[in-house]
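Q: Predicted model and sequence below, questions to follow.
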Amino acid sequence: MELLQGTLDMLILRTLLLGQAHGHQIARHIQQTTDDVLQVEHGSLYPALHRMERKGWIAAKWEAAGKDLKREFKYYRLTPAGRKQLAREESRWTRVVRAMARITQSVEEH
Amino acid sequence: MAWRRRKARERDLDRELRAHLDLETEEHRDDGLPVDQAHYAAQRALGNATLIKEVTRDMWGWTSVERLWQDLRYATRMFARSPGFVIAAVLSMALGIGGNAAMFSLVNALLIRPLPYAEPGALLRITSVYPKAALALFRERSRTMDIASASPGSESNLTRSGETVRATGSAVSDNLFSVLRIPAEMGRAFQPGEQRPGADGSLILSHALWNTAFHGNPQVIGSVATVDGMARQVVGVMPASFSYPSTKVQFWIPARLDPSDMEDYWGQEYVPFIARLRPGATLSQAHSEIRAMMDVLRTRFPFPMPRNWNNDATAISLQADMVEGIRGKLLVLFAAVGVVLLIACANVSSLLLSRAAARRKEIALRAALGAARSRIVRQLLTESVLLAALGAGSGLALAGVVLNIFKSVLPPGTASMAGVTIDWQVAGFVAGLAAMTGLAFGMVPALSTARIDLAGSMKAGSARATAPRGIRLRGWLIVGEVGLTVLLLVSAGLLLKSLYSMSQVNPGFSPEHILTVRLTPNQSICAQRESCVSLYGRLLEQARGISGTSEVAAANSIPLDGTLPTLPFDVEDHPKSADFPAPMFWTGAVTPGYFQVLRIPLLEGRVFTAGDGAKAGSVVIVTLSTARRFWPRQSAVGKHVKPVWDAQWRTVIGVVSDVRQFNLADRIPESISGAIYMPYPQAVQADHQIPAALTLLMKTTARPLRVAGEIRRMARVLNPDAPVEDVATLRDTVSESTADFRSTIWLFLSFAAAAIMLASVGIYGLVSNSVAQRTYEIGLRVAIGATRSEILRMMLAQSVRLTLMGIGVGVLASLVLTRFLAGMLFGVAATDVVTFTSACVLILGIAIVASYAPAWRAANLDPVRSLRAE
């Protein structure tokens, strides 16, 4: 299933709600939590991350990865502005999903 | 600062993506993949890294300068990746723009820019030509104009401190320079009264002649030079920019006005008049004044003039007159060049369209990754404007070269043509053209690309449509291109056929192995007829002795040398009257061997012999067409003619066949009614004297330069003041007579070739592109049973259909437009069926060849693979 426009931002913000993560972790997480239904081309993540960073929804910092001290990753974390954005996106989504659900239900009942 | 920050970001992004790839590779390795495969899988999962960086960079935000710089860098990178496309596009543009820049310079300088004289709008040319007497009469009577005259110019011997050069001089009225309002650069212009006999010994030099023959000597004013044996005082030097009546004129002398010399005053060289309208006078007043003056002039002639002589004389603008010979040709060339530019634009536009189609997926991906639509459009526009700028740059570099080619094709001697250069106005014109064409052909693909629907475009599925809009638009471009190409090809074909007809013309003489040399002693040595006769007699005698030389002869005018000596004749059986004045005959003065040397066949009677000397009975030979015209159904031999002023009749002793004397197309002025030969010792020219300057003709196998050297040496001994020049083989003279025409054809052929090349690239591109876009459909057709030849035919049919439409358009356009070529054609109609048909067949053939390769590729697609490709 292809990713719908605008969905990627919300998926990223939601992932970061659980704590900071680097690009690869975010990609993996999105894939796993959606049971591989939503396939994100990893590459398309980065333009989105950089855009959101510029908008101030997320912040980034180079840090060593947990146990492996030699290796550094660019970790992204949610900012307060990002939390507000997520809330806005989610309420919009909920409205859309509810509307869709009503339509599909009425078709089934028919 | 900004630059350093961006560098840091670049490094940051690189590092981030590398870390991602490393991690992904490790995971695949942990899953059991070998190292290289793991790395490859990681890259596949990430996607196109370059593109990702590209789009990510966009997210950082840029200043407009940075953005432009980035667009340009991106465009150059795209160009470097497809050099073939760029070369084709830039060459197309360079050809079109270079040609147009050169053409615009010429048209601007010759047709648009006003003449370089003060108040050029008031300058007029009075049509037709007039005797000197008319100048005095008109100047005395005219209230609306100041009237001046200038002879077209003839070559003279100009001697200064013992050195003799051949230079072209024009005899002018004393007010010519004041009418044109051009002051002398040094010294003075002619003054009123300087045309009176005795006061007319002055001389004005052109800047160029002063620089060469007079070595730019500033003390030249007041010095004495001899022109054709008459001593004259240099009174002025004209500025370098001045040339009138043509660029070949190197000096000016006053035209002598001597009413007591009836012959010179009324009968000698007739010259054109120019005039400046006086303040307050109108053109229509000038017109009626000219009519009134003409009525008076006709009654003043000492011999009867036809009643309708110069009835239609009028005044036209001097500018129109000066470009008269060149205007038609210039406009035809201008149109042809414009057509090439149109084709080039259509082609580049079509190339860009096919590229846009090929880049559909890439652009869709950029859009999906978050690049703004306006940004994509701007990027595409940057590309096409950059392309146009490259084209314009190379076009400008080409313009100078093209300008020189054009100049060589146009008639030389047109005043002010030599000074035409590519100037800043042209640069502006080219820049405007480049920007406009760039935007014009950049806009089409940019808009059609940006219309891509984003939702369904990350996969290439949208390419399954059989004829997307881009293809249809390109189809129309191809139709237009083919149409324009047909137009150019038909024009080139018509000209080529004219050249062929011209080469098939029997010139009436054989130019093989004939060397010609012109000897130009001063006319003054011929004051005694015998001295000239004996000079040439001895010279011919000696020339016969040059080894390798078998036959020699001499004549005042040889075929195709551009001279037209003419005299008015009384003709037996044709009494002249007011309505039938004395006919003008081309008048050759030839030595006895002339007809044999040139192999001009004698049809009746006899040719001249040594016995036809100065004291023998006066005889002439006429050409066949002259004989038929004046004595139809009778023998011309035994009839009589004489120059109008002679008392004694001359007997026609022979008839020879006609010779293309003036040009191969035989377009001699209508005013000349016949051609007549006189034996040299009995010959006269317009001044009643025997011609002093003759051309020697030698049938020789020796090297031209050696023979010329020998002749020069012999001439120097016989007469030290007789320059020897114009050494040429008659064969060269014949081919040079069509050189101007051949270079025009060459130019048209190269236009047509360029057009064919552009059109075939266009057709090839269209078909390849449509094969690429219809891969799925073709696969489907093959899968459900279409044979290869059916596919081939289907793909060819597409381009054949477009080509046929283009041919239809082109034929219609040609039928309407080739009539403007009529003046340049010879022996072929402007709507020649054979030429039209050949052009159409050629274009169709080229279209099929150009589309065959991609069509064949389509026919050989593997259906399984082409279906799976989607």
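A: Alright, I've got the coordinates. These numbers were taken from a predicted model, which means no experiment stands behind them. Numbering: from 1, shown residues only, chains lettered A, B, ... in the order given.

Q: For the residue of chain A found nearest chain B, give me its contacts.
A: The nearest approach of chain A to chain B comes at A:Gly43, 3.3 Å away (CB to the nearest CB). (Glycine included, C-beta is placed from N, CA and C.) Going by CB atoms under 8 Å, 6 or more residues apart in numbering or on different chains, A:Gly43 touches B:Leu46, B:Gly47, B:Asn48, B:Ala49, B:Leu51, B:Ile52, B:Leu369.

Q: one more time with 6 Å, if that's ok
A: Applying CB atoms under 6 Å, 6 or more residues apart in numbering or on different chains to A:Gly43 gives the contacts B:Leu46, B:Gly47, B:Ile52.

Q: can those residues go into JSON lines with extra columns for neighbour count, pLDDT and distance to chain A?
A: Below are the contacts of A:Gly43 laid out as JSON lines (neighbours: other CB atoms under 10 Å in any protein chain shown; pLDDT from 0 to 100; distance: CB to the nearest CB, whole Å):
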{"residue": "B:Leu46", "neighbour count": "22", "pLDDT": "79", "distance to chain A": "5"}
{"residue": "B:Gly47", "neighbour count": "17", "pLDDT": "78", "distance to chain A": "3"}
{"residue": "B:Ile52", "neighbour count": "22", "pLDDT": "80", "distance to chain A": "4"}
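
Q: What is the strand or helix carrying B:Ala19 packed up against?
A: Per DSSP states H and E: B:Ala19 is located in helix B:2-30. Packing partners of helix B:2-30 (3 or more CB pairs under 6 Å, 6 or more residues apart in numbering or on different chains; DSSP states H and E): helix A:23-33, helix B:35-46.

Q: and the residue nearest to the residue of chain A closest to chain B when sequence neighbours are not counted, how far is that from B:Val490?
A: Distances taken as CB to CB, 6 or more residues apart in numbering or on different chains place B:Gly47 nearest to A:Gly43, at 3.3 Å, with adjacent residues excluded. Distance of B:Gly47 to B:Val490, given as CB to CB, to the nearest Å: 54 Å.

Q: same check, this time on B:Asp862
A: 43 Å.

Q: Comparing the two, which shows the higher neighbour count?
A: Taking other CB atoms under 10 Å in any protein chain shown, B:Asp862 and B:Val490 do not tie; B:Val490 has more neighbours (29 against 11).

Q: List the buried residues of the strand or helix carrying the more buried one.
A: Using DSSP H and E, the element containing B:Val490 is helix B:469-504. The neighbour-count check on helix B:469-504 (16 or more other CB atoms under 10 Å in any protein chain shown) flags B:470-471, B:473-475, B:477-499, B:502 as buried.

Q: returning to what we had before: any chance of the helices and strands packed on helix B:2-30 in TSV, with distance to B:Val86 too?
A: Output for the helices and strands packed on helix B:2-30, formatted as TSV (distance: least, CB to CB, whole Å):
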stretch	distance to B:Val86
helix A:23-33	36
helix B:35-46	29
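
Q: And the ones you listed: which comes nearest B:Val590?
A: Proximity to B:Val590 (CB to CB) singles out helix B:35-46 among these, at 91.6 Å.

Q: With the flanking residues excluded, which residue is spatially nearest to the closest residue to chain A within the stretch 151-300 of chain B?
A: The nearest approach of the stretch 151-300 of chain B to chain A comes at B:Ser241, 63.9 Å away (CB to the nearest CB). Nearest residue to B:Ser241 in three dimensions, chain neighbours excluded: B:Pro116, at 6.3 Å (CB to CB, 6+ apart).
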